[in-house]
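K.L.:
Fold the following and give me the result.
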Amino acid sequence: MMLNFNLIRNTCHAGLLFAVLVGLFLAPAARAQSAADDLRFANALSRAFEQAADKVDAAVVHITTEAEIQRYRQDLFGRRFRVGPPELRQNGLGSGVIIDAGEGLVLTNHHVVAEGDRLIVRLDDGREIEAELIGSDEPTDLAVLRIEADDLHAVPFGDSDALRVGEWVLALGSPFGFESTVTAGIVSAKGRSLDRDPNEPSYQEFIQTDAAINPGNSGGPLINLAGEVVGINSAIISATRQSAGLGFAIPSAIAERVVSSIVEYGRVRRGYLGVEMRDLTPEQRRSFGLRPDVGVSIGRVQENTPAKDAGLEEGDIVLRINGREVVGGLNRLRNLISLTPPGEEIEIEVLRNERPIRVRARVADITEIRAAQLDGTPVHELGVIVREMTRDTSRRMGYSQHVPGLLVLDVQPGTPAADAGIEIGDILTEVDGFKVDDADELMRGLQNSLANTIIELVRGRMRGTVEVELD
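P.N.:
Numbers count the residues shown, from 1 in each chain. As a prediction, the model looks like this:
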């Protein structure tokens, strides 16, 4: 049987020609369809940004801080004296977000309000309201204000733990004073710390984002596309103090707990478990079949602590606290423990001898534990732990005569005492002119004092006063 190769070749040529003609006819239509699909996708993403910003914009506020400036002169003998009343001068700008419309609660950064004697909140409709500082926490760089106004708009918290690297987020605030500014970016990383000293305890667990954050954005919200607050903008890294794509926000998981404690107690009550913590090496994580960022090893378990009572052991690897995975190292575990309200019971999942086990522990108050260790009494209003001076203590400190008062054993960072310059070893003798010989007298004096309290103290061979601004 013979085949007609010419017929086959001609048929193939005809088919190829037909395919080319069809391709040329359909290519513009296909390209047009692809462009239309791309445009629909871009418009859909744009609408998602718009809707998220619309949900939050009315809750974002501009914060202006003013500081009291007192003028002084000197007399002929070189003694300084005040001239006239203090003057208020603007000394800072920042942002904030309303998180409770009924109570008028505004969340912002500690560093935004730390140097302010008067705080002015400007709403999106232009109203300016003087705010009251409910409480501030330097370690987490968060502060809560209260304003009295009608028709406030609040924004809910989202779950920062559910954020994924690469997810879209928006940063809102007043960069360089330009109010109602919205920038977009992605979550670049989670669990970042900016502390350079690995030996110092840190509560930093930042969300890193490339959404533009500039001076003035501090305290404003970082939101997801659902319009929920997943972070509070706090810091940038830039040689020019302008956005270089390295912005950092405090996760909402931390912010919610800080707000709850400040609103209820006026301060952050930190939980205490009683363990030393160690990061795992990459080799250890591989040997246990853990992901590169999961788990923290327990070192020494201290006696008479919640950890000891719960049965935790040296070498246990902590995987979860109340179902929340321990990712990112020591800071994550430290925050999960310290931001648990004292007295609350937590479930701890650990890996022991390659087997997962669960234990329950009731978290203690770290300040109370510290006071017990120092044999002192905590004075939360001031932020110190004190012990009554005795004649024996006076003698051991080198005084020829007894110095009545209260010896400062510990000063907590970010508290009125720390801000006033009170130091460990100071002896507090008077509050607003009234002598204090024990902790109860000190606490009564503080409760009866005005916002600015004068405390007399002895430091070494010097006696003087400090002015303490109570929260």
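
K.L.:
and the nearest residue to Gly247 once chain neighbours are set aside, helix, strand or coil?
P.N.:
Spatially, and ignoring its direct neighbours in sequence, Gly247 is nearest to Ile213 (3.4 Å; Cβ to Cβ, 6 or more residues apart in numbering). (Each C-beta comes from the backbone N, C-alpha and C, glycine too.) Classification of Ile213 using DSSP: H, G, I helix; E, B strand; the rest coil returns coil.

K.L.:
Endpoint to endpoint, stretch 360-372 covers what distance?
P.N.:
Using Cα to Cα, to the nearest Å, one end of stretch 360-372 lies 23 Å from the other.

K.L.:
Now do that stretch: distance to the chain's middle.
P.N.:
Offset of stretch 360-372 from its chain centre (Cα atoms, centre = their mean, to the nearest Å): 22 Å.

K.L.:
Show the average pLDDT along it.
P.N.:
Stretch 360-372 shows a mean pLDDT of 92.

K.L.:
Could you list the residues in contact with it?
P.N.:
Applying Cβ atoms under 8 Å, 6 or more residues apart in numbering, the contact partners of stretch 360-372 are 269-274, 305-307, 309-310, 312, 337-338, 340-348, 377-378, 380, 385, 410, 412.

K.L.:
do that again at 7 Å, thanks
P.N.:
For stretch 360-372, contacts defined as Cβ atoms under 7 Å, 6 or more residues apart in numbering pick out 269-273, 306-307, 309-310, 337-338, 340, 342-348, 377-378, 385, 410.

K.L.:
Same check on stretch 130-150?
P.N.:
Residues from elsewhere that reach stretch 130-150 (Cβ under 7 Å, 6+ apart): 96, 103-114, 118-121, 123, 127, 129, 203, 232, 234, 250, 254-255, 258-259, 262-263, 266-268, 413-414, 471.

K.L.:
Narrow those residues to those in helices?
P.N.:
In helices, defined here by DSSP state H, the members of the contacts of stretch 130-150 are His110, His111, Val112, Val113, Ile254, Ala255, Val258, Val259, Ile262, Val263.

K.L.:
Helices of the stretch 351-471 of the chain, residue ranges please.
P.N.:
Along the stretch 351-471 of the chain, counting by DSSP state H, counting those that start in this stretch, helices occupy 366-374, 391-396, 416-420, 439-448.

K.L.:
The ones you listed into TSV, with extra columns for distance to Asn43 and mean neighbour count?
P.N.:
Shown next, in TSV, are these (distance: least, Cβ to Cβ, whole Å; neighbours: other Cβ atoms under 10 Å):
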stretch	distance to Asn43	mean neighbour count
helix 366-374	52	17
helix 391-396	74	12
helix 416-420	51	19
helix 439-448	59	16
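
K.L.:
Nearest to Val60 among these would be which one?
P.N.:
helix 416-420 (28.0 Å; Cβ to Cβ).

K.L.:
residue nearest the centroid of this structure?
P.N.:
Residue closest to the average C-alpha location in the chain (Cα atoms, centre = their mean): Thr140, at 3.5 Å.

K.L.:
Sticking with that residue, tell me its helix or strand.
P.N.:
Per DSSP states H and E: Thr140 is located in neither a helix nor a strand.

K.L.:
The residue nearest to Gly247: what's it in contact with?
P.N.:
Here Ile213 is in contact with Ala171, Asn233, Ile236, Ser243, Gly247 (criterion: Cβ under 7 Å, 6+ apart).

K.L.:
what's the answer for Gly177, then?
P.N.:
Contacts for Gly177 (Cβ under 7 Å, 6+ apart) come out as Leu93, Gly216.

K.L.:
where's it relative to Gly464, distance?
P.N.:
40 Å (Cβ to Cβ, to the nearest Å).

K.L.:
Equivalent analysis for Ala239, please.
P.N.:
Taken as Cβ to Cβ, the span from Ala239 to Gly464 is 41 Å.

K.L.:
Please identify which of those two sits among more neighbours.
P.N.:
A count of neighbours by other Cβ atoms under 10 Å puts Gly464 above the other of Ala239 and Gly464, at 9 against 6.

K.L.:
Name whatever forms a beta bridge with the residue nearest to the more buried one when sequence neighbours are not counted.
P.N.:
Leaving aside its chain neighbours, Gly464 sits nearest to Leu457 (6.8 Å; criterion: Cβ to Cβ, 6+ apart). Bridge pairing for Leu457 (DSSP bridges) gives the partners Leu428, Gly464.

K.L.:
Tell me how many other residues crowd Leu457.
P.N.:
Neighbours around Leu457, by other Cβ under 10 Å: 21.

K.L.:
Tell me if Ser136 really is in a helix.
P.N.:
No - with three-state DSSP as the criterion, Ser136 is strand rather than part of a helix.

K.L.:
I'd like to know which of the helices of the stretch 351-471 of the chain is closest to Arg355.
P.N.:
That would be helix 366-374 among these, by Cβ to Cβ, at 30.5 Å.

K.L.:
Quick one, grab the pLDDT at Pro86.
P.N.:
If you check Pro86, the pLDDT there is 61.

K.L.:
looking at it, Val259 is touching Thr108, isn't it?
P.N.:
No - contact criterion Cβ atoms under 7 Å: Val259 and Thr108 do not qualify, at 11.0 Å.

K.L.:
higher neighbour count, those two?
P.N.:
Applying other Cβ under 10 Å to Val259 and Thr108 shows that Thr108 carries more neighbours, namely 31 against 23.

K.L.:
ok, which stretches of the stretch 1-150 of the chain are helices?
P.N.:
5-57, 110-113.

K.L.:
which of those has the lowest average pLDDT?
P.N.:
Per-stretch mean pLDDT for the helices of the stretch 1-150 of the chain is lowest at helix 5-57 (a mean of 70).

K.L.:
Buried among the contacts of stretch 360-372? Make that a ChimeraX selection.
P.N.:
With 16 or more other Cβ atoms under 10 Å as the criterion, this ChimeraX line picks the buried residues out of the contacts of stretch 360-372:
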select :269,270,271,272,273,306,307,310,337,338,340,342,346,348,377,378,385,410
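
K.L.:
Out of the contacts of stretch 360-372, name the ones that lie in helices.
P.N.:
Pro306, Ala307, Asp309, Ala310, Ile337, Ser338.

K.L.:
Of all these, the one with the weakest confidence?
P.N.:
Lowest pLDDT of the ones in helices among the contacts of stretch 360-372: Ser338, 90.

K.L.:
Now do the same contact list for that one.
P.N.:
Here Ser338 is in contact with Tyr203, Arg270, Gly271, Ile366 (criterion: Cβ under 7 Å, 6+ apart).
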